[in-house]
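**Q** Below is the structure, and that's it, no one-letter string:
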(Lines give C-alpha, C1' and ligand atoms only; values in the text may rest on other atoms or scores of the structure.)
Protein backbone atom coordinates (compact mmCIF):
# COMPACT_ATOMS: atom_id res chain seq x y z
CA UNK A 1 0.00 0.00 0.00
CA UNK A 2 1.23 3.45 -0.88
CA UNK A 3 2.08 5.40 2.27
CA UNK A 4 0.52 8.52 0.77
CA UNK A 5 -2.88 6.83 0.66
CA UNK A 6 -3.03 5.48 4.19
CA UNK A 7 -6.09 6.34 6.28
CA UNK A 8 -4.80 4.67 9.43
CA UNK A 9 -3.60 8.03 10.76
CA UNK A 10 -7.14 9.17 11.47
CA UNK A 11 -6.31 12.44 13.23
CA UNK A 12 -4.62 14.22 10.31
CA UNK A 13 -5.71 16.03 7.16
CA UNK A 14 -4.12 14.38 4.11
CA UNK A 15 -4.11 17.43 1.87
CA UNK A 16 -5.26 21.04 1.87
CA UNK A 17 -5.32 23.67 -0.86
CA UNK A 18 -6.74 27.15 -1.05
CA UNK A 19 -7.83 28.80 -4.30
CA UNK A 20 -7.55 32.50 -3.62
CA UNK A 21 -9.47 33.59 -6.74
CA UNK A 22 -12.57 31.62 -5.75
CA UNK A 23 -11.96 31.68 -1.97
CA UNK A 24 -12.38 27.91 -1.94
CA UNK A 25 -10.77 25.62 0.62
CA UNK A 26 -10.16 22.11 -0.71
CA UNK A 27 -9.53 19.27 1.70
CA UNK A 28 -8.28 15.97 0.27
CA UNK A 29 -8.74 12.58 1.92
CA UNK A 30 -6.86 9.80 0.12
CA UNK A 31 -7.85 6.22 0.92
CA UNK A 32 -5.52 3.54 -0.44
CA UNK A 33 -6.53 0.73 1.91
CA UNK A 34 -8.11 -2.37 0.40
CA UNK A 35 -11.43 -3.66 1.73
CA UNK A 36 -10.31 -7.11 2.93
CA UNK A 37 -11.25 -6.01 6.49
CA UNK A 38 -14.38 -4.04 5.61
CA UNK A 39 -15.51 -3.46 9.22
CA UNK A 40 -12.10 -2.14 10.28
CA UNK A 41 -11.83 -0.04 7.13
CA UNK A 42 -15.27 1.52 7.69
CA UNK A 43 -14.29 2.44 11.25
CA UNK A 44 -11.03 4.08 10.14
CA UNK A 45 -12.84 5.93 7.37
CA UNK A 46 -15.54 7.11 9.80
CA UNK A 47 -12.89 8.41 12.21
CA UNK A 48 -10.96 10.11 9.39
CA UNK A 49 -14.09 11.80 8.02
CA UNK A 50 -14.96 12.99 11.54
CA UNK A 51 -11.50 14.60 11.75
CA UNK A 52 -12.19 16.53 8.55
CA UNK A 53 -15.65 17.59 9.71
CA UNK A 54 -14.24 18.71 13.07
CA UNK A 55 -11.51 20.71 11.28
CA UNK A 56 -14.12 22.53 9.21
CA UNK A 57 -16.53 23.02 12.11
CA UNK A 58 -13.82 24.35 14.42
CA UNK A 59 -12.73 26.83 11.72
CA UNK A 60 -9.06 26.06 12.30
CA UNK A 61 -8.32 27.23 8.76
CA UNK A 62 -9.47 30.82 9.51
CA UNK A 63 -6.13 32.02 10.86
CA UNK A 64 -4.42 31.30 7.54
CA UNK A 65 -7.47 31.57 5.22
CA UNK A 66 -9.92 34.04 6.84
CA UNK A 67 -12.02 34.69 3.73
CA UNK A 68 -13.10 31.12 2.82
CA UNK A 69 -16.46 31.17 1.04
CA UNK A 70 -16.63 27.55 -0.13
CA UNK A 71 -15.34 24.24 1.22
CA UNK A 72 -14.86 21.09 -0.82
CA UNK A 73 -14.08 17.78 0.82
CA UNK A 74 -12.63 15.47 -1.81
CA UNK A 75 -12.39 11.78 -1.01
CA UNK A 76 -10.38 9.54 -3.34
CA UNK A 77 -10.38 5.77 -3.09
CA UNK A 78 -7.72 3.58 -4.68
CA UNK A 79 -9.76 0.38 -4.25
CA UNK A 80 -13.36 -0.03 -5.30
CA UNK A 81 -15.38 0.60 -2.15
CA UNK A 82 -18.51 -1.34 -1.19
CA UNK A 83 -21.91 0.12 -2.02
CA UNK A 84 -22.48 0.41 1.73
CA UNK A 85 -20.24 3.49 1.60
CA UNK A 86 -23.06 5.38 -0.10
CA UNK A 87 -24.86 5.86 3.24
CA UNK A 88 -21.64 7.18 4.75
CA UNK A 89 -21.27 9.66 1.87
CA UNK A 90 -24.86 10.82 2.32
CA UNK A 91 -24.43 11.35 6.06
CA UNK A 92 -21.07 13.11 5.61
CA UNK A 93 -22.50 15.38 2.93
CA UNK A 94 -25.48 16.22 5.15
CA UNK A 95 -23.27 17.09 8.14
CA UNK A 96 -20.85 19.04 5.92
CA UNK A 97 -23.63 21.21 4.54
CA UNK A 98 -24.89 21.91 8.07
CA UNK A 99 -21.50 23.10 9.33
CA UNK A 100 -20.54 25.03 6.17
CA UNK A 101 -23.47 26.04 4.00
CA UNK A 102 -21.54 26.49 0.75
CA UNK A 103 -19.82 23.11 0.66
CA UNK A 104 -19.55 19.94 -1.35
CA UNK A 105 -18.44 16.36 -0.88
CA UNK A 106 -16.75 15.00 -3.98
CA UNK A 107 -16.00 11.28 -4.11
CA UNK A 108 -13.68 9.67 -6.62
CA UNK A 109 -14.64 6.01 -6.56
CA UNK A 110 -11.94 3.37 -6.54
CA UNK A 111 -11.01 1.47 -9.69
CA UNK A 112 -9.02 -1.47 -8.33
CA UNK A 113 -10.64 -4.56 -6.87
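**A** Nice, thanks for sending it over. This is a predicted model, so every value here is computed, not measured.
**Q** now residue 18, which residues is it bridged with?
**A** Per DSSP bridges, the residues bridged to residue 18 are residue 25.
**Q** Just the pLDDT at the nearest residue to residue 67 once chain neighbours are set aside, thanks.
**A** Leaving aside its sequence neighbours, residue 67 sits nearest to residue 23 (CB to CB, 6 or more residues apart in numbering; 5.3 Å). Backbone N, C-alpha and C define where each C-beta goes, glycine included. Residue-level confidence at residue 23 comes out at 98, pLDDT.
**Q** List the contacts of residue 23.
**A** Residue 23 is in contact with 67, 68, 69, 70, counting by CB atoms under 8 Å, 6 or more residues apart in numbering.
**Q** out of the residues you listed, who has the most neighbours?
**A** Scoring the contacts of residue 23 on neighbours with other CB atoms under 10 Å, the highest-scoring entry is residue 68 at 18 neighbours.
**Q** My guess is that residue contacts residue 60. True?
**A** No - counting by CB atoms under 8 Å, residue 68 sits too far from residue 60 to count as a contact (11.2 Å).
**Q** To what extent is the nearest residue to residue 61 once chain neighbours are set aside buried, counted in neighbours?
**A** Distances taken as CB to CB, 6+ apart put residue 25 closest to residue 61, at 5.8 Å, once the chain neighbours are dropped. Residue 25 has 24 neighbouring residues, counting by other CB under 10 Å.
**Q** now do residue 97
**A** 14.
**Q** hang on, it in a helix?
**A** Yes - with DSSP: H, G, I helix; E, B strand; the rest coil as the criterion, residue 97 is assigned to a helix.
**Q** Include distance to residue 39 when you put the contacts of residue 23 into TSV, please.
**A** Shown next, in TSV, are the contacts of residue 23 (distance: CB to CB, whole Å):
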residue	distance to residue 39
67	41
68	35
69	38
70	34
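**Q** Could you list which of these belong to strands?
**A** The members of these that map onto strands under DSSP state E are residue 70.
**Q** before we move on, what SS does residue 86 have?
**A** Reduced to three states with three-state DSSP, the structure at residue 86 is helix.
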